[in-house]
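Student: Sequence and predicted structure, then a few things I'm wondering about:
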Amino acid sequence: MEAEAKIIIAFLFNRSGKPALKESEIYLPLSMELGWFSATEAHDFVTYALTQHLLVHKEGLLLPNFPVEKTTIPVGFTPSKKFFIEQTGEHETENILDAMVTHISNYTTQKQEDIRRKIHHTAQERHLTLEVAALYIARTHDVDVTEWYDRIEHRLFTENTG
């Protein structure tokens, strides 16, 4: 996991040609330009890189804490989504659900508690996981939640062994 994070960082710094970058110059390319991560995942990646000391703060900028020029970047490299699944572990469901509740609430202007209550009720009534119930609630309100599809699909089909 750390090796992949180093490749991502080396890629971004080599691509920019700069020795130091603003935080936005890291997460915006990851989410908007390259489309590798959602905005939330890109922010989470920066936080992870800082906590693992792969990136360090200096004078308001971020610098790699390893020699990026010595990092081999495979041709056609794109990061795997498993990076975030491994990173978040058991809290993945809560993180997805929290993010979806916030998104649905913002879009519909309903209180987060009300959205969460609807999700739990729907999950129980229809025998769904909380994530799938959240997708259902979002759909009933015409809220786009496609950015969570891959993570939910992964949890449903590869992590559930029971």
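Tutor: Structure's in. What do you need?

Student: What is the burial count for residue 75?
Tutor: Per other CB atoms under 10 Å, the neighbour tally for residue 75 reads 4. Just so you know, the C-beta spots here come from the backbone N, C-alpha and C atoms, and that holds for glycine as well.

Student: Just say helix, strand or coil for it.
Tutor: Using DSSP: H, G, I helix; E, B strand; the rest coil, the structure places residue 75 in coil.

Student: Now it: phi and psi?
Tutor: Backbone torsions for residue 75, taken as degrees, to the nearest 10, come to phi -60, psi 130.

Student: now it: how far from residue 35?
Tutor: In this view, residue 75 and residue 35 are 18 Å apart by CB to CB, to the nearest Å.

Student: go on, residue 150?
Tutor: Distance of residue 150 to residue 35, computed by CB to CB: 12 Å.

Student: element containing the closest residue to residue 55 other than its chain neighbours?
Tutor: Once flanking residues are discounted, residue 55 sits nearest to residue 49: 4.3 Å by CB to CB, 6 or more residues apart in numbering. Assigned by DSSP states H and E, residue 49 belongs to helix 39-51.

Student: okay, which residue is most central for this structure?
Tutor: Centroid-nearest residue in the chain, with CA atoms, centre = their mean: residue 41, separated by 2.0 Å.

Student: and the gap between that residue and residue 155?
Tutor: Look at residue 41 and residue 155: by CB to CB, they are 15 Å apart.

Student: repeat for residue 129
Tutor: Counting by CB to CB - residue 129 and residue 155 are separated by 8 Å.

Student: and what of residue 60?
Tutor: In terms of CB to CB, residue 60 sits 37 Å off from residue 155.

Student: More neighbours: which of the two?
Tutor: Set side by side, residue 60 and residue 155 show more neighbours around residue 155, with 17 against 8, by other CB under 10 Å.
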